[in-house]
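Asker: this one's structure only:
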């Protein structure tokens, strides 16, 4: 995990335990002309320090974060070189290295196509970031990229489980990565979608918008018998998944978000009354948060099932957000914590759409729903269950 909370799994856990950290100004571009002044940026890092072999200088920030997260996952899973070589790669990114893409296009337009560096072109391709993991670790296996924005990494994880269930692979590295870029920041700010008060506030009735984040989160998924045979530590189990698409993202009659949740629960064979916690994709956008709240309220008793959103602590990381949510849900299933989404400065429950969970220690969680809607009209959901002998 390479996230705004820290550059490894331990810092991610510690950050959530402390209630996250405040958003701050981006270090790579100016916000003098924007209404929003803050974001959730990954702390400064040296990728070479965390990887066992040297990396090419031409690699973009998005790929570097992805490589670091992959190295951590392989180390944590205890895979040797031969096992890594037989691992599939399924990654999500919405924009990839938009920074490099923007610079490449700008130079092509202002200086002409003969003056752009051909070495920079690969960094502008969305699937180059997943491919860099294959290349760096010498993996001649499946390499797939999803680009379904907010549902991307949930889609990637769901598809990875399907590859395993179909017997095509025994281990798959799945998740997402996203790089904070000036182009995306400026565009969303001009659309008045970013939080003018600099606060990420999912499900908050007074929210002023979304805060952007960045990072890379990947998980090593493995066929259960294969994991047991090699003595792996199993952290949690993915029981079911659902993906759906509707033309109108907020039309109740075409609710892909609801369809995804129902399909995931049905596949997992977990009743709605047996769901102990929900990780929503709420962002701080009032329209989208309201849509997710109304959908969840129509399925679950939200007075009894705690709901949270990891985006309170990481911001909207687009293609990486779902992976951070699944990682956090794993912490909940292993009995460590359930991150709150409420603002410590506002304890009035009437100001939130869903009941507040102030204490990050809640009752034992057996089954957890991780779900997200998307501005594109898509919906994605994963049902996870506790593994009795797993610790993170």
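Answerer: Thanks, I have it. This one's a predicted model, so the numbers in the text were calculated from it and none came from an experiment.
Asker: Now do residue 351 against residue 201, distance only.
Answerer: Distance, residue 351 to residue 201, by CB to CB, to the nearest Å: 9 Å. C-betas here are computed from N, CA, C, even on glycine.
Asker: got it, and residue 11?
Answerer: 23 Å.
Asker: Looking at these two, which is more packed in?
Answerer: residue 201 (28 against 15; other CB atoms under 10 Å).
Asker: Work out for me the element the more buried one sits within.
Answerer: Under the criterion DSSP states H and E, no helix or strand holds residue 201.
Asker: Contact partners for it?
Answerer: Contact analysis of residue 201 by CB atoms under 8 Å, 6 or more residues apart in numbering lists 195, 207-208, 284, 312, 343.
Asker: Same check on residue 98?
Answerer: By CB under 8 Å, 6+ apart, the neighbours of residue 98 are 179, 181, 183-184.
Asker: hmm, 10 Å instead?
Answerer: 60, 62, 124, 178-185, 187 (CB atoms under 10 Å, 6 or more residues apart in numbering).
Asker: so which of those comes closest to residue 87?
Answerer: When the contacts of residue 98 are ranked by distance to residue 87 (CB to CB), residue 62 comes first, at 20.3 Å.
Asker: Is that closest one in contact with residue 100, as I believe?
Answerer: Yes: counting by CB atoms under 10 Å, residue 62 does reach residue 100; the two are 8.4 Å apart.
Asker: Spit out the residues that contact those two alike.
Answerer: With CB under 10 Å, 6+ apart as the test, residue 62 and residue 100 both reach 123, 128, 179, 181.
Asker: give me the low-pLDDT residue ranges for the stretch 151-300 of the chain?
Answerer: 247-253 (pLDDT under 70).
Asker: Quick one: buried ones out of the shared contacts of residue 62 and residue 100?
Answerer: 123, 128, 179, 181 (16 or more other CB atoms under 10 Å).
Asker: Would you agree the last one is in contact with residue 102?
Answerer: It refers to residue 181. Yes: counting by CB under 10 Å, residue 102 is a contact partner of residue 181 at 6.9 Å.
Asker: who touches both of the two?
Answerer: Joint contacts of residue 181 and residue 102 (CB under 10 Å, 6+ apart) are residue 95.
Asker: how much space between the nearest residue to residue 7 once chain neighbours are set aside and residue 67?
Answerer: Sequence neighbours aside, residue 45 is the residue nearest to residue 7 in space, at 4.9 Å (criterion: CB to CB, 6 or more residues apart in numbering). Counting by CB to CB, the gap from residue 45 to residue 67 is 11 Å.
Asker: cool, and residue 291?
Answerer: 36 Å.
Asker: From the neighbour counts alone, determine which of the two ranks first.
Answerer: residue 67 (24 against 20).
Asker: Now that one. Nearest residue, chain neighbours left out?
Answerer: Closest to residue 67 by CB to CB, 6+ apart is residue 136, at 5.5 Å.
Asker: Could you report the neighbour count for that neighbour?
Answerer: 19.
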